[in-house]
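1. My questions are about this predicted structure, shown below with the sequence.
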Amino acid sequence: MKSVDELIDTYLRLGQASEEEDNWAIEEMDNLVKEKPLEAQEIIIKLITKAPDDKTLAFIAAGPLEDLLVHHGEKVIDWAEENTRQNNKFAKALSCVWKNNIKDGVWERIVKLRKPVS
């Protein structure tokens, strides 16, 4: 794996304009979400914090954040609630997550946390 900072910078760049040589970052985040969710959580927070605009925030939300909630929702919903209280951008990101295959009980909690994107 490349450095975490390089992964974050590349993923944020993909949120602005997709470049084929940057696709490794999507694959890396996908693997982290599935295999190392705690590490993925830390990176997702950094991505959300550094997102320069709502377009990039939505890109992060529809990708690794939503995937984390699909694969590990029951384990990470408390983390999502805590971060929503601490980080307005996190709450905005949740508004860009679709239900997808998120379990109903987790989804009901997410809906209560969401903030509209401006």
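-> Looks like it came in fine. Given the structure is predicted, the values throughout are model-derived calculations rather than measurements.
2. quick one, what contacts the residue nearest the centre of the chain?
-> Among the residues of the chain, the one closest to the centroid is L65, at 2.5 Å (C-alpha atoms, centre = their mean). Residues counted as contacts of L65 (C-beta atoms under 8 Å, 6 or more residues apart in numbering) are I44, I48, A93, L94, V97. All C-beta atoms are positioned from the backbone trio N, CA, C, and that covers glycine.
3. try it again with 6 Å
-> By C-beta atoms under 6 Å, 6 or more residues apart in numbering, the contact set of L65 is I44, A93, V97.
4. Tell me how many other residues surround the nearest residue to the last one once chain neighbours are set aside.
-> Spelled out, that is V97. Excluding its sequence neighbours, the residue lying closest to V97 (C-beta to C-beta, 6 or more residues apart in numbering) is E66, at 4.6 Å. Residues near E66, counting by other C-beta atoms under 10 Å, number 23.
5. so how far is D5 from E66?
-> 23 Å (C-beta to C-beta, to the nearest Å).
6. Now the helix or strand where E81 lies: buried residues?
-> Assigned by DSSP states H and E, E81 falls within helix 66-86. Across helix 66-86, burial judged by 16 or more other C-beta atoms under 10 Å covers 66-73, 76-77, 79-81, 83-84.
7. and the two most separated of those?
-> H71 and T84 (19.3 Å; C-beta to C-beta).
8. Could you give the average pLDDT over the helix or strand where N23 lies?
-> Using DSSP H and E, N23 sits within helix 23-35. The average of the pLDDT scores along helix 23-35 is 95.
9. Show me what that helix is in contact with.
-> Against helix 23-35 from outside (C-beta under 6 Å, 6+ apart): L7, T10, Y11, E39, A40, P64, D67, L68, H71.
10. Can you name the next helix or strand after it?
-> Next along from helix 23-35, by DSSP H and E: helix 37-50.
11. quick check: angle from that next one to helix 23-35?
-> 130 degrees (axes from the mean of the first three to the mean of the last three C-alpha atoms, to 10 degrees).
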